[in-house]
Each structure stands twice: as C-alpha cells, then as structure tokens.
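# below: sequence and its predicted model.
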Amino acid sequence: MPNELKTELQTAVGEARGMLEDLQRLGLGEIYPDPGSILDSTSDLIASGQLGTENLMKIEADVVDCRRCSLAAENTKALCGVGHPDAQLVFIDGSPGPEEEQSGEPFAGAAGELLDRILNAMGLARSDVYLLYVVKCPPGDVQHPGIDEIAACVPFLIRQIESIRPEIIVTLGSFASQTLLQSDQPIAQMRGHWQQYRNISLMPTLHPSDLLNNPLGKREAWDDMKQVIKRLREGQDDNC
Ligand code: SF4
C-alpha cells in the first residue's frame, strides 16, 4: 500500500474514533459502541497494508468466516452486499431484514423491488451500483443491531468503501444515516442535504420500506435521487 494512502486511511480511522467518542459524549453510548473496540481491527489492517487495495471477494470471505459478535450464530446468513466493484454510486442499508434472511438475497422483498424501481427511474440497474449493509448478519427479532454488533461489523464496511471508492454514497433510512454521520437527527431532517463521509459525498434519504409505509415520502426520496443524478452527471462531465 502506498504511504500516502496508508496515512489517509490512518487519519480516517482516527476521525472515526473521534466520531464515536463524540457520540458517547452526546449520550448515545447505548446506540453507538465503545470506539476502542470498533476500530482496532481496522487499524491492524492498515498497518498490514491490506486496507484500500483488497479485493471485495476477500472481504466477503472474511465476513463468512467472521465470529466477532453475538450475531455470529446467524452468520450462515451474512450478506455482504452486491453490485459493481467499480461502482460510482453505493447505497448503504442498516442490516439484512427478515426477507433477506429468508431468501439469502440482499435487498429482497417489496422494499428491494421498490429500490430497483427507483434505480430504473435513475437510468440505473443493480449491476451499475453497489448495495451494502452496515451490519452484515440479520439481527433476528430486534429491529436494529446493538452497539456491540455495530462495533464488530463497521470495519468490514470501511474496507468495502475503501475498495470501491465510489463518488457518491446514499444511506437508506435513519439507522445507516445516523451511524455513518454520527448524528441523532431524525431522517426526516437529514434527508436531502449533502454530507461528507471519508471525503465521499453522502446523501441520506428515506428507506424504501419507509416509502412503502408512507407513499407520500416518495416525492421527497425522488427529490433526493435527482440531486444524486445531477452530481453523478457533473462528475462524469468533469472527467470528459
Ligand atoms: S454481524 Fe458482522 S461482526 Fe457480527 S458475526 Fe456477522 S459479519 Fe461478524
């Protein structure tokens, strides 16, 4: 790994550690984990020169072997994500839900179908983008994974993002958006506003399952996606 990239990644891990400390100071310690336990394994990877250049399949193999948290019992159903390894656009969900757990397919069920329709309306297909989860194993009966599971799994997500290096990240729903953006703001306030994550433009938006429950949100989600299309096109124009 080039020294420049190694330094950049070490800085990113330091920033992430600071982010988690800030969240604990905000009183979100019950939602977000002990920073020391989250990022140590990522730091080890940087030191070993693996992070940033590794193949997504290697990360997937590590996830399949992973027994780092209490969800390991469900790890036969771990879902790393799916998509194009050089995607310019990455969507991040919180964790696989019951339909993904049952089918073994990422982004399955009615919410996954709605996401496909949103992608089609953007002129894209799943094979053009990458779909990722913050936590790879289904959390079972609880709605969202707990702090220890987030702590154990976030390094995989960081490795995936560093491997893909997309131009834009879209976080789906409150769990993924709040986790990546160290915020306790409701998704209704966060959505539609550009943010930065690891020097990548990030757009928080409503989760497709929220849109199934509240179809009025579709207009807002589409407004967000129009901003994403515009920025993607601007990036392509800059590269011409
Ligand atoms: S949720 Fe993540 S950290 Fe926990 S066992 Fe599954 S892959 Fe490993």
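Yep, it's here.
# tell me which element the residue nearest the centre of the chain is part of?
Residue closest to the average C-alpha location in the chain (Cα atoms, centre = their mean): I92, at 3.4 Å. Under the criterion of DSSP states H and E, I92 resides in strand 89-93.
# do that strand and the ligand meet?
No: using Cβ under 6 Å from any ligand atom, we find that strand 89-93 stays clear of the ligand, coming within 13.5 Å at best. Every residue, glycine included, has its C-beta placed from N, CA and C.
# how about the residues of this structure that lie near the ligand?
Neighbours of the ligand within the chain, by Cβ under 6 Å from any ligand atom: 63, 66-69, 71-72, 75, 78, 135-137, 149, 152-153.
# of those - the most surrounded one?
Of all those, the highest neighbour tally under other Cβ atoms under 10 Å goes to K136, namely 30 neighbours.
# skipping adjacent residues, who's closest to it in space?
Distance criterion Cβ to Cβ, 6 or more residues apart in numbering; nearest residue to K136, sequence neighbours excluded, is A78 at 4.5 Å.
# list the residues that contact the one you found.
By Cβ atoms under 8 Å, 6 or more residues apart in numbering, the residues touching A78 are 63-64, 66, 136-137.
# which stretches in the protein count as helices?
Ranges of helices within the chain are 3-25, 35-48, 56-65, 98-103, 109-121, 147-164, 173-181, 187-190, 208-213, 217-238, based on DSSP state H.
# how many other residues sit next to D65?
D65, neighbours per other Cβ under 10 Å, totals 11.
# output the below-cut-off pLDDT ranges for the protein.
Regions of the chain meeting the criterion pLDDT under 70 cover residues 1-54, 74-75, 238-240.
# the nearest residue to I187 once chain neighbours are set aside and N214: what is the separation?
Once flanking residues are discounted, I187 sits nearest to S174: 4.0 Å by Cβ to Cβ, 6+ apart. S174 sits 13 Å away from N214, going by Cβ to Cβ, to the nearest Å.
# look at those two and report which has more neighbours.
Of the pair S174 and N214, S174 is the one with more neighbours under other Cβ under 10 Å, namely 22 against 11.
# verify the stated contact: that one with P186.
Yes: with contact defined as Cβ atoms under 8 Å, S174 reaches P186; the gap is 6.6 Å.
# follow-up on the earlier one: what is the most widely separated pair among the residues of the chain next to the ligand?
Greatest spatial distance in those: R67 and V135, 14.3 Å, computed using Cβ to Cβ.
# count of residues packed around the nearest residue to D128 once chain neighbours are set aside?
In this structure, D128 finds its nearest non-sequential neighbour in H84, 6.0 Å apart by Cβ to Cβ, 6+ apart. Neighbour count of H84, defined by other Cβ under 10 Å: 16.
# hang on, the earlier thing: report the beta-bridge partners for the residue nearest to the centre of the chain.
L132, T171 (DSSP bridges).
# now it: how far from A73?
24 Å.
# now swap in D62 and tell me
As for D62, its distance to A73 is 18 Å (criterion: Cβ to Cβ).
# cool, and Q227?
Counting by Cβ to Cβ, the gap from Q227 to A73 is 40 Å.
# before we move on, what about L181?
For L181, the distance to A73 - Cβ to Cβ - is 30 Å.
# compare the two (neighbour count), which wins?
Between L181 and A73, counted using other Cβ under 10 Å, L181 has the larger neighbour count: 18 against 11.
# surely the more buried one is in contact with Q196?
No: under the criterion of Cβ under 8 Å, L181 is not in contact with Q196, lying 9.1 Å apart.
# residues that sit against both of those two, list them.
L202.
# ok, and the closest non-adjacent residue to F175?
Nearest residue to F175, sequence neighbours excluded (Cβ to Cβ, 6+ apart): G94, at 3.6 Å.
# quick one: contacts for that neighbour?
133-135, 144-145, 172-173, 175-176, 179.
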